[in-house]
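S.K.: fold the following.
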Amino acid sequence: MLSEIKAKLLIVDDLPENLLALEALIKREDRQVYKALSADEALSLLLEHEFAMAILDVQMPGMNGFELAEMMRGTEKTKSIPIVFVSAAGRELNYAFKGYESGAVDFLHKPLDIHAVKSKVNVFVDLYRQRKAMKQQLEELERSRQEQEALLRELKSTQNELEHAIRMRDDFMSIVSHEVRTPLNGLILETQLRKLHLAKDNASAFTMDKLKAMVDRDERQIQSLIRLIEDMLDVSRIRTGKLSIRTSAFDLAELVVNLVESYSAQIAAAESVVTLHASEPVIGVWDEFRIEQVVANLLTNALRYGAHKPIQVRVYSEGSEARVEVKDQGIGISPENQKRIFQQFERVSASHAVSGLGLGLFISDQIVAAHGGTISVESEEGSGSLFRVSLPL
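M.R.: From the prediction side, this is the model:
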């Protein structure tokens, strides 16, 4: 509502009785009148307040009304305030012209016409309120525009995130379907082959050596399925903040030694050699199962991407940290890929046909972070990779 905008009016006259008389004419509840007995006093008020209009007496000692008006017109804060001059001099054209030349919008002569004064003040106050209301509306529109732009940016960001999530879901489902199908196909073929031998009463197909080989193959396929399921469960736990860490004191060097020994079959299948440097015990308090999971992921990746070349594993302590390093001499990782390999469903290169969901490094990074540690990579394409896990002792 325009009437809710309070207007401030400035009246300047060197005679107190004139100020009081003029104030009585123009004062209302929705207006606030400020009085000044000199131009200097008026300037102080002008710099402090925002006025709807100023009524200036022309003839004042010191700085007169014309000079005050010229100063107002030369100041950014006050140059737009409507000025009405009041003069007791005659209605000489040149005198009024000088007032307009100084920036006045109107001229009043004494004795004042009460109705004329009230009417002019009402007009300028209404104009001020309209300008003020329009300015507020423009500010509201600008705020609304900025909010809409921010909302559009947020919606665009959300849309991009959703599109990325959909792409990740599709990629994930494609990878899962492929990775799950591989061990399942192996189990199905083995089952069909055994049914065929049984149907033909071919007892020679089930000698102890052959049975042992069958069980070993079945176990590898089942372990592959279990690993895939565990990876997916771990991602779910990480997302919901339910990844459990159960700490106890153990020797990290001993854990890695045992792990490398247990990987002898995989190392042989990868046609690689693993050199282990773990001469000193490295005792700390961590989750043994989870740390083994991290090192196993790094070793598995080294075997996958190591190009059948030697792999070095090192366990040592430095300062207040325990460290595990796994270094291969394989395909390496580009700087661009190094930034994303610790994300979900990301793999080093789509051009290399490798198994896995692309979750190993993401899960490893989350496990190490839950221990207050870090996992990093140093690599160049074609020159292998060095993964380093740092854990607080």
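S.K.: can I assume residue 389 sits in a strand?
M.R.: Yes. With DSSP: H, G, I helix; E, B strand; the rest coil as the criterion, residue 389 is part of a strand.
S.K.: run through the stretch 1-150 of the chain and note the low-pLDDT ranges.
M.R.: Within the stretch 1-150 of the chain, the stretches falling below the threshold (pLDDT under 70) are 1-3, 89-104.
S.K.: in it, which spans are strands?
M.R.: Under the criterion DSSP state E, counting those that start in this stretch, the stretch 1-150 of the chain carries strands at the ranges 7-12, 31-36, 53-57, 83-87, 106-109.
S.K.: likewise for the stretch 251-393 of the chain?
M.R.: 274-277, 283-286, 311-318, 321-327, 374-379, 385-392.
S.K.: in the fourth one, what counts as buried?
M.R.: Translated: strand 321-327. Within strand 321-327, the residues that count as buried by 16 or more other Cβ atoms under 10 Å are 321, 322, 323, 324, 325, 326, 327. Any C-beta I mention is one placed from the backbone N, CA and C, and that applies to glycine too.
S.K.: need the residues you listed in a markdown table (columns: distance to residue 190 and pLDDT).
M.R.: Output for the buried residues of strand 321-327, formatted as a markdown table (distance: Cβ to Cβ, whole Å; pLDDT from 0 to 100):
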| residue | distance to residue 190 | pLDDT |
| --- | --- | --- |
| 321 | 46 | 95 |
| 322 | 42 | 96 |
| 323 | 42 | 97 |
| 324 | 37 | 97 |
| 325 | 39 | 97 |
| 326 | 33 | 96 |
| 327 | 37 | 95 |
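S.K.: mind saving the C-alpha coords of stretch 258-275 as PDB?
M.R.: What follows is stretch 258-275, C-alpha atoms only, in PDB (Å, rounded to 0.1, in the frame of the first residue of the first chain):
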ATOM      1  CA  ASN A 258      49.700 -64.200   4.200                       C
ATOM      2  CA  LEU A 259      47.500 -62.500   1.600                       C
ATOM      3  CA  VAL A 260      50.200 -62.600  -1.100                       C
ATOM      4  CA  GLU A 261      50.800 -66.300  -0.300                       C
ATOM      5  CA  SER A 262      47.000 -67.000  -0.700                       C
ATOM      6  CA  TYR A 263      47.100 -65.300  -4.100                       C
ATOM      7  CA  SER A 264      49.700 -67.700  -5.500                       C
ATOM      8  CA  ALA A 265      47.200 -69.300  -7.900                       C
ATOM      9  CA  GLN A 266      46.000 -66.000  -9.200                       C
ATOM     10  CA  ILE A 267      49.600 -64.700  -9.600                       C
ATOM     11  CA  ALA A 268      50.500 -67.800 -11.600                       C
ATOM     12  CA  ALA A 269      47.400 -67.500 -13.800                       C
ATOM     13  CA  ALA A 270      48.400 -63.800 -14.500                       C
ATOM     14  CA  GLU A 271      51.800 -65.000 -15.500                       C
ATOM     15  CA  SER A 272      53.400 -62.600 -13.100                       C
ATOM     16  CA  VAL A 273      55.800 -62.500 -10.200                       C
ATOM     17  CA  VAL A 274      55.100 -60.600  -6.900                       C
ATOM     18  CA  THR A 275      58.100 -59.400  -4.900                       C
END
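S.K.: for residue 366, find the nearest of the strands of the stretch 1-150 of the chain.
M.R.: strand 7-12 (62.4 Å; Cβ to Cβ).
S.K.: can you pull the buried residues of that closest one?
M.R.: Neighbour-count burial for strand 7-12, with 16+ other Cβ under 10 Å as criterion, is recorded at 7, 8, 9, 10, 11, 12.
S.K.: give the rounded mean pLDDT of stretch 219-227.
M.R.: Confidence for stretch 219-227, expressed as mean pLDDT, is 78.
S.K.: return the distance of it from the chain's centre.
M.R.: Once both centres are worked out by Cα atoms, centre = their mean, to the nearest Å, stretch 219-227 turns out to sit 40 Å from its chain's centre.
S.K.: please apply the same query to stretch 206-220.
M.R.: Centre to centre, stretch against its chain (Cα atoms, centre = their mean), the figure for stretch 206-220 is 54 Å.
S.K.: who touches it?
M.R.: 183, 186, 187, 190, 194, 197 (Cβ atoms under 8 Å, 6 or more residues apart in numbering).
S.K.: stretch 53-72 now?
M.R.: With Cβ under 8 Å, 6+ apart, stretch 53-72 has contacts from 9-15, 18, 22, 26, 38-40, 42-43, 46, 78-79, 81-89, 95, 98-99, 102-104, 108, 121, 124-125, 128.
S.K.: cool, stretch 312-325 as well?
M.R.: Among residues not part of stretch 312-325, those counted as contacts by Cβ under 8 Å, 6+ apart are 252-253, 256, 260, 274-278, 280, 282, 284, 294-295, 298-299, 326-327, 373, 386-393.
S.K.: related to what we said a few turns ago, okay if I get the contacts of stretch 206-220 as CSV plus pLDDT, distance to residue 31 and secondary structure?
M.R.: CSV is the format used below for the contacts of stretch 206-220 (pLDDT from 0 to 100; distance: Cβ to Cβ, whole Å; DSSP: H, G, I helix; E, B strand; the rest coil):
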residue, pLDDT, distance to residue 31, secondary structure
183, 74, 87, helix
186, 75, 92, helix
187, 84, 91, helix
190, 84, 97, helix
194, 88, 102, helix
197, 88, 107, helix
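S.K.: possible to save the residues you listed as CSV with distance to residue 218?
M.R.: Conversion of the contacts of stretch 206-220 to CSV gives the following (distance: Cβ to Cβ, whole Å):
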residue, distance to residue 218
183, 10
186, 8
187, 7
190, 6
194, 10
197, 15
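S.K.: from the contacts of stretch 53-72, which land in helices?
M.R.: Members of the contacts of stretch 53-72 lying in helices (criterion: DSSP state H): 18, 22, 26, 39-40, 42-43, 46, 95, 98-99, 121, 124-125, 128.
S.K.: most neighbours, which of the residues you listed?
M.R.: Using other Cβ atoms under 10 Å as the neighbour criterion, residue 42 leads the ones in helices among the contacts of stretch 53-72 with 27 neighbours.
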